[in-house]
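>>> mind folding the following:
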Amino acid sequence: MIRRLINKILGRQAPSPHAAPRVLPLEEHGIRREQLSSCVLRVTRGLREAGFDAFVVGGAVRDLLLGRPPKDFDVATNATPEEIRRVFRRSRVIGRRFQIVHVYCGPDVIEVTTFRASTPGPEAADGDEGDATRTIADDGMILRDNVFGSQAEDAARRDFTANALYYQPDRQEIWDWHGGVADARARVLRMIGNPAQRFREDPVRMLRAARLAAKLDFHIAPTTRGPIAELAPMLARIPSARLFDEMMKLLLSGHAERGVRQLRAEGLHHGVLPMLDAILDDPTRQPFLHAALHDTDERVRQGHSTSPAFTLACLLWFDYQAELATNLAAGMHEQPARSGAMDTTLERQRKALAFPRRFDGQIKEIWALQSRFPQRGGGRPYRLLGHPRFRAGYDFLRIRAQGGDAEQELADWWTRFQDAGEAERAGMLIAPVTGETRRKRRRRTRHRPEGGETAEVTLG
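Alright, predicted model coming up:
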């Protein structure tokens, strides 16, 4: 009774213990078990044979309902992480904030989560029952949540209605606890429970709302959107590593252009990804950003690989250029100036956004190659073609040209040169008038041999 009173005062919508889902048969939703991967069927079957409930849950069910191929499959069960581990030999428990189990089937990985209890009142903020613990900060943010519960409670604590759908493979049924099927079909993103409270529990949900709305072409329900502007500053409390992961999901989703527009529409771009702030607020930089995001989106849609390092190289390019100009103006030689600018740019941004150091080498190589593309004479173009990062550097050059940061003629030349035959390549070579060229010219002298005619020779 006390918990129900506290939930009522705080605006929480705890599920009734007698609540029941709407169960949709195959005829109403059209999702057949054959549309699931063999790995997820193996996992759900293994759990059921061990005496546990097992459902495919979340985004995979939503995507199948919308006719979209799921990126991956997740499973929810009433088995605890330790019980899941006993069922599947090839599995391991990961995560501290939310414990989940990765089950391996050959190259595939299925995430299996235990049904979790809905958020309790403050009197249950910290519990201890083995690994089942929950820690909630004073402002309502959930710091750790491994309190297990029923499927009804698990559905209530999920973020959006369209993600609270459970598919039972044996009976080919969808269990819908919060009207998610109707919302998915209407393309509405609606928060389960009190939106302000749910955003306080986990501010990253605000970013997820923007990302999913862009990815799925959904509109955010007015009641869900309402608290975002006020609560956006809470994102400053999110660990930078987790923030980086969420932003990379958005930028590599195949809908990055729309996602960035959605961030701006919700007022979430300032301070969320610091390197975006300057670009979005500077009209001269925006064409380059949109060219980069459009290129990434096209690669995802065409099934080509994408790289966080390449995306970071694009987002930090202008910061690096500004730092390089500062170093050169201070009288530094070109190579130390470039090296120092790279290190300073990456370290400064790492303090705001904890991206892994393993990306540094790729980013630096992409940047370093840009100074080599204008050199189109002699053997330099051939050596550049053989560089391991040539393709990434060329793609970066092409985006720079599209965004007005490099000459289109230069990008077109390299597009043609890399596909040309040997004879055509030889005819394309350009001897630039550089300091080196001028030095060679000064080393030339006129010599009149005994034959009487003037001849030009090169000394040394």
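
>>> got the domain boundaries for the chain?
In terms of domains, the chain is parsed into 1-186, 199-289, 297-435 (source: automatic domain parsing).

>>> make a markdown table from the ones you listed and add mean pLDDT, mean neighbour count and distance to I192 to it.
For the C-beta atoms, the positions are set from N, CA and C on the backbone; glycine is no exception. Rendered in a markdown table, the data for the domains of the chain read as follows (pLDDT from 0 to 100; neighbours: other C-beta atoms under 10 Å; distance: least, C-beta to C-beta, whole Å):
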| stretch | mean pLDDT | mean neighbour count | distance to I192 |
| --- | --- | --- | --- |
| domain 1-186 | 81 | 18 | 5 |
| domain 199-289 | 87 | 18 | 10 |
| domain 297-435 | 93 | 16 | 29 |
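
>>> output those domains as JSON lines; include the columns distance to G193.
Listed next are these as JSON lines, based on distance: least, C-beta to C-beta, whole Å:
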{"stretch": "domain 1-186", "distance to G193": "4"}
{"stretch": "domain 199-289", "distance to G193": "9"}
{"stretch": "domain 297-435", "distance to G193": "30"}
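
>>> can you tell me the helix or strand for the nearest residue to G267 once chain neighbours are set aside?
Nearest residue to G267 in three dimensions, chain neighbours excluded: A229, at 5.2 Å (C-beta to C-beta, 6 or more residues apart in numbering). When secondary structure is defined using DSSP states H and E, the element that contains A229 is helix 228-231.

>>> run through who's touching that helix.
Contact with helix 228-231 is made by 196, 199-200, 203, 206, 209, 266-268, as judged by C-beta atoms under 8 Å, 6 or more residues apart in numbering.

>>> and F396, what is it in contact with?
Contacts here follow C-beta under 8 Å, 6+ apart; on that basis F396 touches 310, 313-314, 366, 369-370.

>>> format these as TSV; extra columns: distance to G46.
Conversion of the contacts of F396 to TSV gives the following (distance: C-beta to C-beta, whole Å):
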residue	distance to G46
F310	39
A313	43
C314	43
I366	45
L369	49
Q370	52
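
>>> taking these one by one, which sit in helices?
When the contacts of F396 are checked against helices (DSSP state H), the matches are 310, 313-314, 366, 369.

>>> doesn't G259 make contact with A214?
Yes. Applying C-beta atoms under 8 Å, one finds A214 in contact with G259, separated by 3.9 Å.

>>> list residues touching both of those two?
Applying C-beta under 8 Å, 6+ apart, one finds that A214 and G259 are jointly contacted by 250, 253.

>>> so V93 sits in a helix?
No. With the criterion set as DSSP: H, G, I helix; E, B strand; the rest coil, the secondary structure at V93 is strand rather than a helix.

>>> what sits closest to it if chain neighbours are left out?
Excluding its sequence neighbours, the residue lying closest to V93 (C-beta to C-beta, 6+ apart) is P81, at 4.9 Å.

>>> for the one you found, which residues are in contact?
If you count contacts by C-beta under 8 Å, 6+ apart, P81 has them with 93, 99-101, 114, 131.

>>> how far out from the middle of the chain is stretch 406-418?
For stretch 406-418, the distance from its own C-alpha centre to the chain's C-alpha centre is 30 Å (C-alpha atoms, centre = their mean, to the nearest Å).

>>> pull the CA atoms of that stretch into PDB?
Taking Å, rounded to 0.1, in the frame of the first residue of the first chain, the C-alpha atoms of stretch 406-418 are listed here in PDB:
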ATOM      1  CA  ALA A 406      38.700  20.900 -51.200                       C
ATOM      2  CA  GLU A 407      38.800  21.400 -55.000                       C
ATOM      3  CA  GLN A 408      36.300  19.200 -56.800                       C
ATOM      4  CA  GLU A 409      38.800  18.900 -59.700                       C
ATOM      5  CA  LEU A 410      41.300  17.300 -57.300                       C
ATOM      6  CA  ALA A 411      38.700  14.700 -56.100                       C
ATOM      7  CA  ASP A 412      37.700  14.000 -59.800                       C
ATOM      8  CA  TRP A 413      41.400  13.500 -60.800                       C
ATOM      9  CA  TRP A 414      41.800  10.800 -58.100                       C
ATOM     10  CA  THR A 415      38.600   9.200 -59.000                       C
ATOM     11  CA  ARG A 416      39.800   8.900 -62.600                       C
ATOM     12  CA  PHE A 417      43.400   8.000 -61.700                       C
ATOM     13  CA  GLN A 418      42.700   5.000 -59.500                       C
END
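
>>> which residues are contacting that stretch?
Stretch 406-418 has contacts (C-beta under 8 Å, 6+ apart) with 370, 373-374, 376, 381, 385, 394, 397-398, 400-401, 425, 428.

>>> the strands in the stretch 101-250 of the chain, which residues?
Taking DSSP state E, counting those that start in this stretch as the test, the strands found in the stretch 101-250 of the chain are 108-114, 134-136, 142-145, 165-168, 173-176, 188-189, 219-220.

>>> which strands and helices sit next to the first one?
If I follow you right, that is strand 108-114. Applying 3 or more C-beta pairs under 8 Å, 6 or more residues apart in numbering; DSSP states H and E, one finds that strand 108-114 makes contact with helix 38-49, strand 74-77, helix 81-87, strand 100-105.

>>> what strands line up against that strand, and which way round?
Strand pairing for strand 108-114, using DSSP bridges, gives strand 74-77 (parallel), strand 100-105 (antiparallel).

>>> closest to R158 out of the ones you listed?
Proximity to R158 (C-beta to C-beta) singles out strand 74-77 among the strands paired with strand 108-114, at 9.4 Å.

>>> off-centre distance for that closest one?
The gap between the average C-alpha position of strand 74-77 and the chain average comes to 23 Å, counting by C-alpha atoms, centre = their mean.
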